[in-house]
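K.L.:
sequence unknown, structure follows:
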């Protein structure tokens, strides 16, 4: 769910260069590296302010038959066939002070969230221009790490993805999806309690349902055996959303974009499991 607000930007960028056609040689079993990423992101769907972040973080990728940390998710792969893959994993996202967003001033901060639950990946086959179609259907419980792992609710984020790798090494992806949440999670982002109400921010009880529609794109390209350039752009719309009338929703459309560079310090000689 926090990917609809202040995303786990590192996790969001890794799939951009993990998706697409499989490389000619299997990737290594593990990779250790670091990445730097600069982002301008809508604070949450419906917000009228951007949040800027610059991150420099390490990463570890592991591609085992059961244990996976491959950029798309971190957890256990329960089933894999030529068409379907089912795993149970988790993702994380960064917190934000309410002082960063005028609409939420004086309200509790949006904490660092952890998402845990199952995900179904459906490989739909070839697409135009030698691309591939893929559908992702993650359902995850959301917990607030900043509040003793208090449960914040459930999020469901289905997405249809087109991915392509060019002969020159570029990888591209384009996705369209929706974000839905239960009432508890929607209230975390859009609810206003009577004690938090102001003349310009009346009390509001959030409802379960559609949070936003999302159009996303990404790219990556190797700059050598160890360096990789990557980036992403995203457009969110709260048109028709369940909480479009919340006073915390200030506009219908919002955008996010980021550009980053990664470096691999070490990798195994043993091939990973696709």
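P.N.:
Nice, I can see it. Here the structure is a predicted model, which is why all the values come from computation and not from measurement.
K.L.:
can you map out the strands along the stretch 1-150 of the chain?
P.N.:
30-42, 50-63, 67-69, 74-80, 84-93, 113-127, 131-144, 150-156 (DSSP state E, counting those that start in this stretch).
K.L.:
For the second one, list every residue counted as buried.
P.N.:
Read it as strand 50-63. 50-51, 55, 59, 61-63 (16 or more other CB atoms under 10 Å). No exception for glycine: its C-beta is placed from N, CA and C like everyone else's.
K.L.:
likewise the third one?
P.N.:
Neighbour-count burial for strand 67-69, with 16+ other CB under 10 Å as criterion, is recorded at 68-69.
K.L.:
In CSV: the buried residues of strand 50-63, plus distance to residue 40 and pLDDT.
P.N.:
What follows is the buried residues of strand 50-63, written out as CSV (distance: CB to CB, whole Å; pLDDT from 0 to 100):
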residue, distance to residue 40, pLDDT
50, 5, 88
51, 8, 85
55, 13, 87
59, 22, 87
61, 26, 87
62, 31, 88
63, 32, 86
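K.L.:
returning to that earlier point: please produce TSV containing the strands of the stretch 1-150 of the chain, extended by distance to residue 222.
P.N.:
TSV is the format used below for the strands of the stretch 1-150 of the chain (distance: least, CB to CB, whole Å):
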stretch	distance to residue 222
strand 30-42	13
strand 50-63	15
strand 67-69	20
strand 74-80	23
strand 84-93	25
strand 113-127	23
strand 131-144	19
strand 150-156	33
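K.L.:
mind checking which of those strands is nearest residue 268?
P.N.:
strand 30-42 (4.9 Å; CB to CB).
K.L.:
who touches the closest one?
P.N.:
For strand 30-42, the external contacting residues (CB atoms under 8 Å, 6 or more residues apart in numbering) are 6-7, 9-10, 13, 49-63, 226, 236, 254-268, 272.
K.L.:
For it, which strands pair with it and how are they oriented?
P.N.:
Strands that pair with strand 30-42, judged by DSSP bridges, come out as strand 50-63 (antiparallel), strand 253-267 (antiparallel).
K.L.:
avg pLDDT for the longest one?
P.N.:
Regarding strand 253-267, the rounded mean pLDDT is 94.
K.L.:
tilt between the lengthiest helix in the chain and strand 131-144?
P.N.:
Counting residues, the longest helix found in the chain (DSSP state H) is helix 183-190. For helix 183-190 against strand 131-144, the angle by axes from the mean of the first three to the mean of the last three CA atoms, to 10 degrees is 90 degrees.
K.L.:
how about helix 183-190: buried residues?
P.N.:
Here helix 183-190 shows 183, 185-190 as buried, counting by 16+ other CB under 10 Å.
K.L.:
What about residue 49, how many residues nearby?
P.N.:
15 (other CB atoms under 10 Å).
K.L.:
residues in contact with it?
P.N.:
Per CB under 8 Å, 6+ apart, neighbours of residue 49: 42-43, 100-103.
K.L.:
would you list those residues in CSV and tack on distance to residue 207 and neighbour count?
P.N.:
Below are these laid out as CSV (distance: CB to CB, whole Å; neighbours: other CB atoms under 10 Å):
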residue, distance to residue 207, neighbour count
42, 21, 25
43, 20, 25
100, 25, 17
101, 21, 24
102, 24, 14
103, 18, 20
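K.L.:
Let's have the residues you listed in a markdown table, adding pLDDT and distance to residue 206.
P.N.:
Output for the contacts of residue 49, formatted as a markdown table (pLDDT from 0 to 100; distance: CB to CB, whole Å):
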| residue | pLDDT | distance to residue 206 |
| --- | --- | --- |
| 42 | 88 | 18 |
| 43 | 86 | 16 |
| 100 | 71 | 20 |
| 101 | 84 | 16 |
| 102 | 87 | 19 |
| 103 | 91 | 14 |
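K.L.:
What is the nearest of these to residue 120?
P.N.:
Nearest to residue 120 among these, with distances taken as CB to CB, is residue 42, at 27.5 Å.
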